[in-house]
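Q: only geometry, no sequence info:
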């Protein structure tokens, strides 16, 4: 596990080639936080990291995890985020195990969080169970991971090879793959939300083919 003098790391929540996410405590005041750490120094990745931080600071919504600060420590860029005691729906293993009443309550809360984002003219573009965080004790729900988010517009995605698509293919709206040459707007988030709800109810995504095309 990484080490940062200003924080005590408690658990690794997510790990990829470019980023790692830790649950931690701030050493100065024991404040629980989540640290999103950028692992590489590729200029475009750092620019995207800073854009995500700026967007989170601008949104400042109840349904979106709050950003406290952007720091550089131990040769790494760190986004300091709110820890409200939640876990992602993926880590909670809720898919296919929710009672209908519990699903409906959760679905309403997630939809409200997404509505708040769209009202600010922002598309999330990566709605998945891994990017929805729930505190089971309080019922609080927040969206995380705005690394792909953009200001809402009728954006047309250029054609991309299926091996280099942004996002998680099972949740991508057709227009988000770049293979349809049509404009993308907030309906792409609704598509991903529908796939997420389908998975929560059934235990699997609607399209399970392993071959991307």
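A: Happy to help now that I have it. Every value quoted in this text rests on a predicted model; they were computed, and no experiment measured them.
Q: which non-adjacent residue is nearest the residue of the chain most remote from its centre?
A: In the chain, the residue that sits farthest from the middle, by CA atoms, centre = their mean, is residue 28; the gap is 27.7 Å. Counting by CB to CB, 6 or more residues apart in numbering, residue 28 lies nearest to residue 6, which is 7.1 Å off, once chain neighbours are set aside. The C-beta positions use only the backbone N, C-alpha and C, and glycine is treated the same way.
Q: so what's that neighbour up against?
A: Contact analysis of residue 6 by CB atoms under 8 Å, 6 or more residues apart in numbering lists 26, 27, 28, 71, 73.
Q: that older thread, how confident was the prediction at the residue farthest from the centre of the chain?
A: pLDDT recorded at residue 28 is 94.
Q: which residues in the chain form strands?
A: Per DSSP state E, the chain carries strands over the ranges 7-15, 19-26, 32-38, 67-73, 76-82, 87-88, 122-123, 132-134, 141-143, 150-151, 155-156, 183-184.
Q: buried subset of the contacts of residue 6, written for ChimeraX?
A: Provided next is the ChimeraX selection string for whichever of these are buried by 16 or more other CB atoms under 10 Å:
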select :26
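Q: name the nearest of the contacts of residue 6 relative to residue 125.
A: residue 71 (25.9 Å; CB to CB).
Q: that closest one contacts residue 53, doesn't it?
A: No - taking CB atoms under 8 Å as the definition, residue 71 is not a contact partner of residue 53, at 10.2 Å.
Q: mind listing the helices for the chain?
A: Using DSSP state H, the helices assigned to the chain run over residues 43-59, 89-92, 100-119, 187-202.
Q: of all those helices, which one is nearest residue 144?
A: helix 43-59 (9.2 Å).
Q: follow-up on the earlier one: format the contacts of residue 6 as a markdown table; extra columns: distance to residue 194.
A: As requested, those are exported to a markdown table (distance: CB to CB, whole Å):
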| residue | distance to residue 194 |
| --- | --- |
| 26 | 38 |
| 27 | 43 |
| 28 | 43 |
| 71 | 37 |
| 73 | 40 |
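Q: which pLDDT value goes with the closest residue to residue 195 other than its chain neighbours?
A: Counting by CB to CB, 6+ apart, residue 171 is the residue found nearest to residue 195 once chain neighbours are left out, at 4.8 Å. The score at residue 171 is 93. That number is its pLDDT.
Q: likewise residue 33?
A: 98.
Q: surely residue 67 touches residue 49?
A: No - the pair residue 67 / residue 49 is not scored as a contact, 11.3 Å apart, by CB under 8 Å.
Q: who touches both of the two?
A: Common neighbours of residue 67 and residue 49 (CB under 8 Å, 6+ apart) are residue 79.
Q: in stretch 91-106, what counts as buried?
A: Neighbour counts over stretch 91-106 (16+ other CB under 10 Å) mark 92, 94, 95, 98, 106 as buried.
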